[in-house]
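Asker: let me see the structure of the following:
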Amino acid sequence: MKILFCGTPAFALPSLEKLFKSGHPVVGVVTQPDRPRGRCRTPQPSPVKELALSHSLPVFQPQRLSDPVFLSSIQRMGAECAAVVAYGRLLPKEFLTLFRHGAINLHASLLPKYRGAAPIQWAVLRGETETGVTVFELDEQLDHGPILLQTRIPILPEENAASLAGRMAQTGGMTLVEALDLLETGMTSPVPQEDSQATQAPMLTKEEGIIRWELPAEEIRNRVRGLQPWPGATTGLGDKPLKLLAVIADPARAGSASPGTVLSSDPTVGLWIQTGRGQLRIDRLQPAGGNPMSAAEFLRGHPIRLGDKLRSQQA
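Answerer: A predicted model of the protein is given here:
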């Protein structure tokens with residue numbers, strides 16, 4: 001089948017790369033308009049646009065997906081199916097009806113769980129031990145259409161959202177191509193989603209990254225894992241923010257100190273903090289304006305006294 005690919009961030013790259021190696025020719029790519037990045041705020045192309053241009057593919061970056069000129073251009077390309085991976089916008093009915101085999105979407109969860117913009121992060125935040133990828137038929141509702149194919153993926157105990165996303169992107173690309181093969185041969189049996197089982201994965205905010213020490217140690221650990229690389233999990237030491245990069249939770253380690261209290265600050269023993277239930281050892285962190293480092297390295301240059309308090313603070 002001739003495929004129109006729609007995607008924007010790096011997560012979509014393995015899917016596009018695997019399409020290039022499949023028997024389905026990619027006739028064009030739709031991606032988000034160039035966005036300002038870096039200190040100079042210079043408009044930069046999306047990762048998908050860069051890859052598409054390196055393969056000399058036509059690239060479309062419409063401001064409005066319902067624009068008649070854009071829709072007419074897409075129709076003339078003769079694509080039989082649209083493959084959508086992390087494009088970043090809802091696709092209107094006028095677009096979805098252009099393709100003989102419709103439009104399918106690769107979503108980074110086991111739908112109907114974690115519908116929304118941040119399914120990988122919320123799965124880790126919620127302490128899930130398994131997630132997966134879903135290919136489904138697009139309709140006009142968010143992550144709602146019937147399911148074509150799913151692949152389950154374990155979440156490793158010490159894995160964070162960033163490393164998990166890399167694995168899921170690779171598995172997702174293979175699942176997408178498999179779904180297209182089935183679609184071409186008419187071997188699909190779409191299964192409607194159970195809306196009553198749906199959960200949400202809304203876009204993250206900076207406020208999500210503020211560590212609340214009154215939470216249980218295991219929940220804080222999951223937040224540190226789930227909020228990487230953005231917005232990151234942040235606490236405050238004095239008037240300076242500290243970004244937590246790796247922690248160990250001990251839910252059974254009791255203590256009478258108030259949440260956020262430093263219980264140990266010995267470089268050889270570790271930096272232990274009291275939480276609302278159990279204790280947490282900080283293994284890696286990043287001070288404001290500094291580089292990531294181990295807690296032992298940080299303590300050698302930034303003495304912390306027993307009884308000091310870490311507090312909720314945004315970076």
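Asker: which strand or helix spans Val135?
Answerer: For Val135, the enclosing helix or strand under DSSP states H and E is strand 130-137.
Asker: and what of Thr235?
Answerer: Assigning secondary structure by DSSP H and E places Thr235 in strand 233-237.
Asker: next one: Pro229
Answerer: With secondary structure defined by DSSP H and E, Pro229 is part of neither a helix nor a strand.
Asker: spit out the contact partners of it.
Answerer: 161-162 (CB atoms under 8 Å, 6 or more residues apart in numbering). (Each C-beta comes from the backbone N, C-alpha and C, glycine too.)
Asker: circling back: by contact count, what packs against the strand holding Thr235?
Answerer: Taking 3 or more CB pairs under 8 Å, 6 or more residues apart in numbering; DSSP states H and E as the contact definition, the neighbouring helices and strands of strand 233-237 are helix 217-226, strand 240-250, strand 310-312.
Asker: correct me, but Glu218 touches Ala249?
Answerer: Yes: counting by CB atoms under 8 Å, Glu218 does reach Ala249; the two are 4.7 Å apart.
Asker: can you list the domain ranges for the protein.
Answerer: Taking automatic domain parsing as the criterion, the chain consists of the domains 3-197, 206-312.
Asker: centre of the chain to the helix or strand hosting Gly166, how far?
Answerer: Of the helices and strands defined by DSSP H and E, Gly166 is found in helix 161-185. Relative to the centre of its chain, helix 161-185 is centred 15 Å away, using CA atoms, centre = their mean, to the nearest Å.
Asker: swap in stretch 257-270?
Answerer: Shown here is stretch 257-270, whose average C-alpha point lies 32 Å from the average C-alpha point of the whole chain (CA atoms, centre = their mean).
Asker: same thing with stretch 124-143?
Answerer: For stretch 124-143, the distance to the chain centre is 11 Å (CA atoms, centre = their mean).
Asker: just to revisit the earlier point, common neighbours of Glu218 and Ala249, please.
Answerer: Gly278.
Asker: between these two, which is the more surrounded one?
Answerer: For Glu218 against Ala249, the residue with the higher neighbour count under other CB atoms under 10 Å is Ala249, and the figures read 20 against 16.
Asker: doesn't Arg277 make contact with that one?
Answerer: No: in this structure Ala249 lies outside contact range of Arg277 using CB under 8 Å: 9.8 Å.
Asker: quick one: common contacting residues for those two?
Answerer: Between them, Ala249 and Arg277 share the contacting residues Ala217, judged by CB under 8 Å, 6+ apart.
Asker: which pLDDT value goes with Ala315?
Answerer: As predicted, Ala315 sits at a pLDDT of 64.
Asker: swap in Gly28?
Answerer: We have a pLDDT of 98 for Gly28.
Asker: nearest spatial neighbour of Gln32, chain-adjacent residues omitted?
Answerer: Computed as CB to CB, 6 or more residues apart in numbering, the closest residue to Gln32 that is not its neighbour in sequence is Thr8, at 4.5 Å.
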